[in-house]
Each structure stands twice: as C-alpha cells, then as structure tokens.
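A.B. asks: Need coordinates for the below:
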Amino acid sequence: TTACAQTCPSEAIVFGNLADPGSRVARLARSPRGFRLLEDLGIHPSVTYLKVGGREHV
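C.D. replies: Numbering: from 1, shown residues only. Predicted coordinates for the structure are as follows:
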C-alpha cells in the first residue's frame with residue numbers, strides 16, 4: 001500500500017492488485033461506480049475512477 005493511500009482519511013485512494021478478484025481495489029473497479037477515461041477510444045488506461053455516490057462498503 002502506498003503512503004498516500006495509508007494516510008488518506010477519506011479513503012479516496014485505494015491501492016492493490018487488480019489481478020486478485022477478491023481484493024478491495026478489484027471489487028471497486030468492477031462496481032457500477034467504476035469507469036476509465038478514454039476507454040471507449042481503444043486506450044487501455046490503468047486508472048479506474050469512481051463516480052460520486054453514497055458511502056458503500058464494497
């Protein structure tokens with residue numbers, strides 16, 4: 001885990017292994033809130049953003 005992710009009080013930064021389907025970061029990336037910029041243009045971004053929503057535990 002990065003220092004930024006460890007110290008972020010709002011848990012806005014999540015770090016982990018996307019290849020592990022059980023990890024928190026993989027579950028968040030697969031959630032309906034997850035999206036990647038420019039993915040529809042054939043670009044393969046490595047960052048997943050989450051749409052604003054209620055505080056949910058994934």
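A.B. asks: Wait, residue 17 touches residue 26, no?
C.D. replies: Yes: between residue 17 and residue 26 there is a contact at 7.2 Å, judged by C-beta atoms under 8 Å. Where you see a C-beta, it was placed from the backbone N, CA and C, and this is true even at glycine.
A.B. asks: Comparing those two, which residue is more hemmed in?
C.D. replies: Comparing residue 17 with residue 26 by other C-beta atoms under 10 Å, the one with more neighbours is residue 26, at 19 against 11.
A.B. asks: what about residue 27, which SS state?
C.D. replies: Recorded secondary structure, residue 27: helix (DSSP: H, G, I helix; E, B strand; the rest coil).
A.B. asks: Next, count neighbours for residue 25.
C.D. replies: By other C-beta under 10 Å, the residues close to residue 25 number 16.
A.B. asks: first to last residue in stretch 24-41, what's the distance?
C.D. replies: End-to-end distance for stretch 24-41: 27 Å, by C-alpha to C-alpha, to the nearest Å.
A.B. asks: Give me the buried positions along it.
C.D. replies: 25-29, 33 (16 or more other C-beta atoms under 10 Å).
A.B. asks: if we take the residues you listed, which one ends up nearest to residue 40?
C.D. replies: Ranked by distance to residue 40 (C-beta to C-beta), these are led by residue 29 at 16.5 Å.
A.B. asks: That closest one contacts residue 48, correct?
C.D. replies: Yes: contact criterion C-beta under 8 Å: residue 29 and residue 48 qualify, at 4.3 Å.
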